[in-house]
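**Q** Take a look and give me a structure for this.
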Amino acid sequence: MRLSGVDAGTVDNLGGWLRTVLSRVCLDMLRARESRREEPAPDEHGPSPDDPEREAVLADSVGRALLVVLDRLGHAERVAFVLHDMFAVPFDEIAPIVGRTPVAAKKLASRARSRVRGAPAVPGDELARQRRVVDAFLAASRAGDVAAVLSPHVVRRAEAVPGRAAEIRGAEQVAREIAVFGRNARYAEVALVTGAVGIVVVPAGRLTVALAVTVDGDRIAGYDLVTDPDRLRELDVAVLSPR
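**A** Just a heads-up that it's a prediction; the model follows:
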């Protein structure tokens, strides 16, 4: 639409022009969201938010945990990071889009990169071990058989919500609850939660549940279930590097 209002023959670099215009439109929309937060209306003609195919495409193309982290970046940080790290746009082209110098734009992307990756609270070897256990727990939850990955004395803690106890102890009790609520596992992804390996549940790209997991040996010793929107916004969530 913007291009239709100009003489394309006067544009030396059409790709660069389109990229700049699109980035500025996105930046304006991000700023507008601060004054009027919006929830997407259901698409009556498109796929349902619960459509497995849609969720699979979303997870494969972007990664649910990355969507959560990007939503928490500053507007200019997000634009600089996405353009440079995902589309290899040089900083001298990013600078005028975000209204910064090339050096400042580079700092924006660097700061965003650090926030996306996060700083694990545990050493690398321990982090890898925790990830193997949490990966196995998530796979077992999807399969409906978690007994083998739960400690006999596992403890699940959660905020008090209707229909759910604040605390459950024992592998049998926890497994029974997972069998009831485990359908959400298809929306789940392993991520860093407060510096340790945990799980985020992100249907349609929106964080609804986070699990801060405690690992003992090769089993899950416990996890805190966070569902309150205010607490979710305060959580430090980061993306794990590909295995």
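**Q** State the mean pLDDT of stretch 70-84.
**A** Stretch 70-84 carries an average pLDDT of 84.
**Q** So for that stretch, what gets flagged as buried?
**A** The neighbour-count check on stretch 70-84 (16 or more other CB atoms under 10 Å) flags 70, 72-73, 75-84 as buried. Every residue, glycine included, has its C-beta placed from N, CA and C.
**Q** Low-confidence regions, the protein specifically.
**A** For the chain, the stretches with pLDDT under 70 are 33-64, 119, 121-122, 160-163, 181-182, 241-243.
**Q** swap the cut-off to 50 and go again
**A** Along the chain, the parts satisfying pLDDT under 50 run over 40-47, 49.
**Q** Which stretches in it count as strands?
**A** With DSSP state E, the ranges of strands along the chain come out as 150-158, 167-169, 188-193, 196-201, 209-216, 219-226, 237-238.
**Q** Could you export those to CSV, including columns for mean neighbour count and distance to Gly99?
**A** As requested, the strands of the chain are exported to CSV (neighbours: other CB atoms under 10 Å; distance: least, CB to CB, whole Å):
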stretch, mean neighbour count, distance to Gly99
strand 150-158, 18, 44
strand 167-169, 15, 50
strand 188-193, 23, 31
strand 196-201, 23, 32
strand 209-216, 20, 34
strand 219-226, 20, 36
strand 237-238, 22, 27
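**Q** Would you format those strands as CSV with distance to Val134 included?
**A** CSV is the format used below for the strands of the chain (distance: least, CB to CB, whole Å):
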stretch, distance to Val134
strand 150-158, 12
strand 167-169, 19
strand 188-193, 5
strand 196-201, 5
strand 209-216, 6
strand 219-226, 8
strand 237-238, 14
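**Q** Which of the ones you listed sits closest to Leu30?
**A** strand 237-238 (19.0 Å; CB to CB).
**Q** helices and strands around the closest one, which ones?
**A** Applying 3 or more CB pairs under 8 Å, 6 or more residues apart in numbering; DSSP states H and E, we find strand 237-238 packed against helix 64-70, helix 102-117, strand 188-193.
**Q** quick one: which of these is nearest Val133?
**A** The nearest among these, by CB to CB, is strand 188-193 at 10.3 Å.
**Q** Please export the alpha-carbon coordinates of the closest one; CSV is fine.
**A** C-alpha atoms of strand 188-193 as CSV (Å, rounded to 0.1, in the frame of the first residue of the first chain):
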residue,chain,number,x,y,z
ALA,A,188,4.8,-26.7,25.7
GLU,A,189,8.5,-26.1,25.1
VAL,A,190,11.6,-26.4,27.1
ALA,A,191,13.1,-23.1,28.1
LEU,A,192,15.2,-21.4,30.8
VAL,A,193,12.9,-20.3,33.6
